[in-house]
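# Compute the structure for the input listed below.
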Amino acid sequence: MPENPAGGETEHPEDNPKKAVPDAREVQKRKKLFIAIGAVIVIIAAVLGAYLLLSVPTAMKGDTVAIYYNESFENGTLYLSAMNATYPPLIFTLGNSSVISGVQDAVIGMSPGEIKTVNIPDAYGAYDPGLVQTVNRTGPVAQAIFGNMTLKPGLYTVRYRTTNTVSTMTILNVTNTTLTLDTNNPLAGYNLTFTIELANLTKANAPAATS
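This is a model prediction of the structure:
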């Protein structure tokens, strides 16, 4: 056996089994084992994720929800703040309510305690110029709504005397003989940002789930 420059013997791989090159079949077995372990981990994670997702109740059409919310204009100006316990939550049934559709759509899929911020274009509908009319100050329309009240331009909540229903309208102009009325929602035509907290969720035919 030849000597190496240091005076020792030159070692060959076959002389030391520990340093032998791994068998190709053994390497392939190890690769398959690692792949199998990885696949099992992925499956376990998927099953666990699905279980957690299904175990958390989410709002769907037909459910009754209670929400706190803020409304603000696109420039950030706050219009209405009802995000704390000082105010009672707004309670309604999804898909069967007069609450604006954009808010209902935003609540669908939320879980109790979740907070979501959404921008809703024309949240209260588009502005309709056809809902602006000028009426005779002493005519039947004005008398049915206002009677002999002293009026000036501004927003009014009124009760129709003939039907006993309540509505909101804006008086745009007052003269000695006429009133110009706007029955659009005061927020019609505005894009609004809503911050919504789902405070309570009652699934259809199920007990309440709270945060």
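# just the helices in this structure please.
With DSSP state H as the criterion, the chain has helices at 24-55, 101-107, 140-146.
# With only the CA atoms kept, save stretch 28-38 in CSV.
Backbone C-alpha positions of stretch 28-38 (Å, rounded to 0.1, in the frame of the first residue of the first chain) are rendered in CSV as follows:
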residue,chain,number,x,y,z
GLN,A,28,-34.1,7.0,-3.1
LYS,A,29,-35.8,5.4,-0.1
ARG,A,30,-34.9,8.4,2.1
LYS,A,31,-36.3,10.8,-0.5
LYS,A,32,-39.6,8.9,-0.7
LEU,A,33,-39.8,8.9,3.1
PHE,A,34,-39.2,12.7,3.3
ILE,A,35,-41.9,13.2,0.6
ALA,A,36,-44.4,11.0,2.4
ILE,A,37,-43.8,12.8,5.7
GLY,A,38,-44.2,16.2,4.0
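# Now do the domain split for the protein, please.
Following automatic domain parsing, one gets these domains for the chain: 24-55, 64-124+189-204, 129-182.
# measure the second one end to end?
Terminal residues of domain 64-124+189-204 lie 7 Å apart, using Cα to Cα, to the nearest Å.
# average pLDDT across that domain?
Average pLDDT, domain 64-124+189-204: 93.
# Same check on the shortest one?
For domain 24-55, mean pLDDT rounds to 72.
# Same question for the last one.
Rounded to a whole number, the mean pLDDT of domain 129-182 is 89.
# quick revisit: which one of the helices of the chain is the most hemmed in?
helix 101-107 (a mean of 18; mean count of other Cβ atoms under 10 Å). In this view, the C-beta of every residue, glycine as well, is placed from N, C-alpha and C.
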